[in-house]
Each structure stands twice: as C-alpha cells, then as structure tokens.
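> Need a 3D model of the sequence below.
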Amino acid sequence: MGHLDHAALGWLTPLLSYVMACTGAALGLRCTVRALGATGRSRRNWLVTAASAIGTGIWTMHFVAMLGFSVSGTGIRYDVPLTILSLLVAMVVVCAGVFAVGYSRDRTRALFLGGLTTGLGVASMHYLGMAAVRLHGDVTYDPLLVGLSVLIAVVAATAALWAALNIKSPVAVTIASLIMGAAVSSMHYTGMFAVAVDVTPSDEVLPGATAMQFIFPLAVGLGSYLFLTSAFVALSPTTGEREASTAAQRSAESVAG
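Coordinates of the predicted model:
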C-alpha cells in the first residue's frame with residue numbers, strides 16, 4: 001500500500017487552492033447578484049459569467065490541490081482528455097444550476113434542484129479528475145467517505161445558490177465566499193482521504209502528462225481568468241449605479257434645456 005501525501009509541497013497547495021475556490025465563489029456570487037438585477041441578454045451574460053467563474057474556481061481548486069498529491073513508490077500522470085472533460089462537466093452543471101435559479105419563478109424549487117444538480121456535478125468533476133490519474137497501482141475508495149464528500153458538495157452548492165439569491169452587500173458576499181471556499185476544499189480533501197492506492201512497482205513509462213506539463217499551466221491560465229474577470233466586475237457599474245447615472249444625466253439635460 002503506497003503512502004499518500006496530500007500536501008507534498010507543504011501548505012502552499014492547500015492555501016492556494018482555497019484562495020482559488022474563494023475567488024471563484026466571490027466572483028460567481030457578484031455576477032449572480034448583477035444578473036438578478038438585469039433583464040434580457042444582460043441577465044444571460046451575467047449568469048454565464050457567474051457559472052464560468054464558479055466552475056473554473058472549483059476545477060482550479062481541485063487541480064491546484066492535486067499539485068501537492070503524491071504516492072510513494074510511483075509517479076503520477078494525468079489523462080489529458082479526461083482532465084479537460086472534468087472541466088467541461090464543472091462548467092455545464094454549474095451553469096445549469098445558476099440558470100435554474102436565475103430564471104425560475106419558484107425560487108425554493110429551483111434552489112433545491114439547482115443545488116442537487118450542481119452538487120452532483122461538482123462531485124462528478126472531482127471523481128472524473130481522479131479517474132484521469134495514471135499511476136503504477138490500483139486506486140480504491142472508502143464508500144463512506146465518498147458518500148460524505150458528495151453530501152458536502154450538494155450542501156455547499158445549495159448554500160452557494162442560496163447566497164446568490166439572498167446576499168447582496170459586498171461584505172456579506174465576501175464572508176459567504178470564504179465559507180463556500182472552505183466547503184469546496186472540505187469536499188475535495190474528504191474525497192481525497194477516501195483514496196487508497198495499492199502500488200505495483202514498475203519501470204514502465206506512465207501514459208499522460210505530468211502535473212507540471214499540463215495541470216500547472218492550465219491552472220495558472222484559469223486562475224488568471226478569475227482574477228482578471230474579478231477586476232472587470234469590480235470596476236463595472238451596477239444596475240443601480242447605471243440608473244442613478246442616467247437619472248443624473250437626464251436631470252442635467254433638463255436643467256440645461
């Protein structure tokens with residue numbers, strides 16, 4: 001049985017992955033707040049941005065954390081198509097949950113269905129990502145911990161959607177994002193603690209790409225997207241600010257006229 005280390009690089013990967021989860025959550029919540037105050041194409045665009053932010057944050061959190069994952073007695077590589085598929089799954093399911101909340105008239109029903117769908121999607125992303133791992137040996141899972149990780153994912157997703165509907169102020173969004181980041185990280189590490197590896201020593205070259213060849217550059221790219229989009233959202237005016245600006249402009253024009 002190989003020894004598993006979930007923080008082979010020290011506290012760097014757990015801390016950085018938590019920051020990624022919080023950033024994605026904060027951006028997603030702010031975009032959802034903007035969406036609920038908008039209509040038509042603007043609402044759709046804000047919801048798409050919210051879904052991409054949350055999905056990207058969750059996926060980046062997972063694979064930044066995986067940079068610190070090692071197993072004694074074997075190297076680790078990643079199946080590229082499966083890894084990309086896990087990213088697409090995260091995007092699609094989060095988009096479904098966010099749109100359900102953004103457009104449904106029955107918010108309670110949408111919250112339940114959206115939270116369940118998104119939570120199961122997040123869990124699917126995690127275990128698809130784990131299925132992409134290539135190593136010398138057999139990977140097994142503790143069913144109880146797997147079930148607990150899925151439950152945490154559903155609860156975290158439901159809480160995130162509830163926060164998107166009910167939390168408006170920037171301070172409250174920040175606090176909610178910190179809590180959501182902790183929930184996503186807890187789901188990830190609960191799922192990782194469910195893993196056991198029976199190592200089979202071998203000199204064969206493992207298929208796939210190493211973490212530094214593929215995961216690291218992709219995570220950096222997606223992380224940059226999160227931070228740049230966060231800056232854009234922070235600098236763009238809210239619906240209330242635009243309405244106030246328009247009213248002030250009309251008032252000035254009427255006075256001048």
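
> Could you pull out the strands in the stretch 151-257 of the chain for me?
Along the stretch 151-257 of the chain, counting by DSSP state E, counting those that start in this stretch, strands occupy 195-199.

> Below-threshold pLDDT in it: ranges please.
234-257 (pLDDT under 70).

> same thing but at 50, please
Applying pLDDT under 50 to the stretch 151-257 of the chain flags residues 241, 244-248.

> what are the ranges of the helices in it?
170-193, 216-235, 239-256 (DSSP state H, counting those that start in this stretch).

> Can you list the neighbours in contact with the longest one?
Contact partners of helix 170-193, identified using C-beta atoms under 8 Å, 6 or more residues apart in numbering, comprise 4, 6, 14, 17-19, 21-23, 25-26, 29-30, 33, 57-58, 61-62, 65, 69, 122-123, 126-127, 130, 142, 145-146, 148-149, 152-153, 155-156, 159-160, 163, 167. (Each C-beta comes from the backbone N, C-alpha and C, glycine too.)

> Could I get the buried residue list for stretch 162-173?
Within stretch 162-173, the residues that count as buried by 16 or more other C-beta atoms under 10 Å are Trp162, Ala163, Ala164, Leu165, Ile167, Val173.

> got it, and stretch 75-92?
76-80, 82-83, 85-87, 89-91.

> Filter the residues you listed down to the ones in helices?
Judged by DSSP state H, those include Val80, Leu82, Thr83, Leu85, Ser86, Leu87, Val89, Ala90, Met91 as members of helices.

> separation between the third one and Ala123?
Which is Thr83. Separation of Thr83 from Ala123 (C-beta to C-beta, to the nearest Å): 16 Å.

> Need the pLDDT of the residue lying closest to Val197 once chain neighbours are set aside.
Nearest non-adjacent residue to Val197, counting by C-beta to C-beta, 6 or more residues apart in numbering: Gly2, 4.4 Å away. For Gly2, the model assigns a pLDDT of 70.

> Can you check which helix is longest in this structure?
helix 40-66.

> How far off centre is the next helix or strand after that helix?
Counting by DSSP states H and E, the next helix or strand C-terminal to helix 40-66 is strand 70-71. Distance of strand 70-71 from the chain centroid (C-alpha atoms, centre = their mean, to the nearest Å) equals 24 Å.

> Packing partners of strand 70-71?
Here strand 70-71 touches strand 4-5, going by 3 or more C-beta pairs under 8 Å, 6 or more residues apart in numbering; DSSP states H and E.

> Name the strands paired with the strand it packs on and say parallel or antiparallel.
Sheet partners assigned to strand 4-5 using DSSP bridges are listed as strand 70-71 (antiparallel).
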